[in-house]
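> sequence and predicted structure below; questions after.
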Amino acid sequence: MANDLIPREIDLNSAGDDFWRRYHAFRRVRHDEVRPEDPFYPDDLERIRILSDQKFEINHAFEVVHDDEMVSWFRSAGTKPGAPGYDTNRYFLWCTFSVLAPYRRRGIGRSHVPVLLELMDRDGCHTLTMESEEESGHAFLRWLGAEKKSEGAENRLHIPDVDWAMIRRWIDEGEKRSTETKLEVYDDHIPDALLEEFAPQLSALLNTMPWDALDHGEIVTTPEVLRHDYERMDLAGLKHHTVLTREPDGVISGMTDITWAPHRPTILEQMFTGVRPDARGRGIGKWIKAYMLDYMHRLYPDAEWISTGNADSNGPMLAINKRMGFKRHRWGAEYQISRDQLAARIEALKV
């Protein structure tokens with residue numbers, strides 16, 4: 001019966017093996033539906049990832065179970081009091097949920113809506129952010145009354161198709177146009193001794209990313225945050241590589257970083273690429289991306305793809321990626337709705 005399909009809250013820290021069995025089975029089905037061409041993220045690493053997220057976040061999780069099978073999964077995240085950036089991010093709640101195909105159009109997605117409001121009130125949030133890369137998700141968010149605030153895509157580069165002569169030119173041109181700028185390469189994370197100097201400069205670069213119409217707080221990266229990120233990468237077996245450019249005064253003018261993982265050996269993930277506004281126009285973006293690509297090709301000769309995410313509004317970075325050969329692989333959008341708008345929608349649904 002549809003009225004038996006109700007969300008039940010899960011304490012992730014005390015959840016037993018039965019829960020994790022249901023959860024991993026659920027995400028296998030979802031993976032085969034939405035990303036069948038990609039490697040499946042291993043169960044043990046996924047459990048570590050979810051539990052380690054809670055150091056700086058408030059997480060809530062719900063499941064809908066039918067005949068001992070998870071048919072819907074719901075998870076939210078907000079900034080934990082005392083976490084870096086809490087003051088400007090405390091009012092934002094991020095949430096994701098999905099329903100297995102055979103159980104859709106039975107009111108399960110709708111049953112999550114009051115949970116959203118309850119969690120916003122519980123955590124004192126006034127803005128909810130959700131995203132989707134599936135048409136069914138876009139349709140649900142439009143039905144909910146959420147407003148599309150940003151669009152973007154996962155773009156992929158097929159490494160065997162790269163124009164290596166052009167990549168070499170970009171590296172040479174970058175060196176010639178910025179003769180006093182030093183290019184630095186770090187394998188296995190930024191050294192701990194440099195984190196106090198690196199963290200605020202990374203924060204400054206991250207906050208230059210285009211947000212489109214999204215309401216948002218400030219990204220605050222600290223040495224503690226970076227150490228936690230690096231610890232999570234190590235637990236997942238990731239190899240992390242960073243290329244950055246440093247000006248004569250010590251300012252980091254641009255950076256890009258990539259991870260390789262044993263569970264996805266043919267796909268490199270380019271995580272962040274940014275150039276300071278006052279350093280743009282000198283080809284630094286092309287320089288660091290070309291250098292990283294050439295370096296990764298030599299370091300991981302069996303890798304076939306580089307995957308990266310870009311906002312559709314990030315024209316300069318998209319222009320570089322297009323010339324390199326990146327092509328759109330998967331499109332998505334982010335939506336937001338206020339707490340009061342959500343409450344009004346719930347009241348309207350009661351009529």
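Alright, I've got the coordinates.
> quick one: low-confidence ranges for the stretch 101-250 of the chain?
Within the stretch 101-250 of the chain, not a single segment meets pLDDT under 70.
> which residues of it fall in strands?
Under the criterion DSSP state E, counting those that start in this stretch, strands of the stretch 101-250 of the chain are mapped to 127-132, 147-158, 182-187, 239-246.
> the stretch 251-351 of the chain too?
252-260, 267-275, 305-311, 327-338.
> pick the most deeply packed of those.
Most buried of these, by mean neighbour count (mean count of other CB atoms under 10 Å): strand 252-260, with a mean of 23. For the C-beta atoms, the positions are set from N, CA and C on the backbone; glycine is no exception.
> so what touches it?
Under the contact criterion CB atoms under 8 Å, 6 or more residues apart in numbering, strand 252-260 has outside partners 181, 198, 201-202, 205, 233, 238-247, 268-276, 278-279, 284-285, 287-289, 292, 296, 299-300, 303, 306.
> paired strands for that strand, with orientation please.
Strand 252-260 has the following strand partners under DSSP bridges: strand 239-246 (antiparallel), strand 267-275 (antiparallel).
> coming back round to it: save the strands of the stretch 101-250 of the chain as a markdown table, and put in distance to residue 326 and mean neighbour count too.
Below are the strands of the stretch 101-250 of the chain laid out as a markdown table (distance: least, CB to CB, whole Å; neighbours: other CB atoms under 10 Å):
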| stretch | distance to residue 326 | mean neighbour count |
| --- | --- | --- |
| strand 127-132 | 21 | 20 |
| strand 147-158 | 4 | 18 |
| strand 182-187 | 22 | 13 |
| strand 239-246 | 17 | 21 |
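> got those strands as CSV, with distance to residue 76 columns?
Below are these laid out as CSV (distance: least, CB to CB, whole Å):
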stretch, distance to residue 76
strand 127-132, 9
strand 147-158, 18
strand 182-187, 34
strand 239-246, 28
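> the lengthiest helix in the chain vs strand 327-338, what angle?
In the chain, assigned by DSSP state H, the helix with the most residues is helix 17-34. For helix 17-34 and strand 327-338, the angle between their directions (axes from the mean of the first three to the mean of the last three CA atoms, to 10 degrees) works out to 120 degrees.
> counting by contacts, list what helix 17-34 packs against.
When contacts are defined as 3 or more CB pairs under 8 Å, 6 or more residues apart in numbering; DSSP states H and E, helix 17-34 packs onto helix 43-52, strand 57-66, strand 69-79.
> one more time with 7 Å
strand 69-79 (3 or more CB pairs under 7 Å, 6 or more residues apart in numbering; DSSP states H and E).
> just the buried residues of whichever helix or strand comes after the strand it packs on, please?
Using DSSP states H and E, the helix or strand that follows strand 69-79 towards the C-terminus is helix 86-89. Buried residues in helix 86-89, defined by neighbour count with 16 or more other CB atoms under 10 Å: residue 89.
> for helix 86-89, give the mean pLDDT please.
Confidence for helix 86-89, expressed as mean pLDDT, is 98.
> tell me which residues are up against that helix.
Here helix 86-89 makes contact (CB atoms under 7 Å, 6 or more residues apart in numbering) with 79, 217-218.
> what's the first helix or strand after that helix?
With elements assigned by DSSP H and E, the helix or strand that comes after helix 86-89 is strand 92-99.
> centre of the chain to the longest helix of the chain, how far?
20 Å (CA atoms, centre = their mean, to the nearest Å).
> with stretch 26-39 instead?
Centroid separation for stretch 26-39 versus its chain: 17 Å, with CA atoms, centre = their mean.
> average pLDDT across that stretch?
The pLDDT scores in stretch 26-39 average 97.
> buried stuff in it?
So, applying 16+ other CB under 10 Å, buried residues of stretch 26-39: 26-27, 29.
> and stretch 317-337, how far apart are its ends?
End-to-end distance of stretch 317-337 (CA to CA, to the nearest Å): 29 Å.
> who touches that stretch?
Defining contact as CB under 7 Å, 6+ apart, one finds that stretch 317-337 is touched by 127-133, 138, 141, 144-158, 161-162, 214-215, 273, 285-286, 289, 310.
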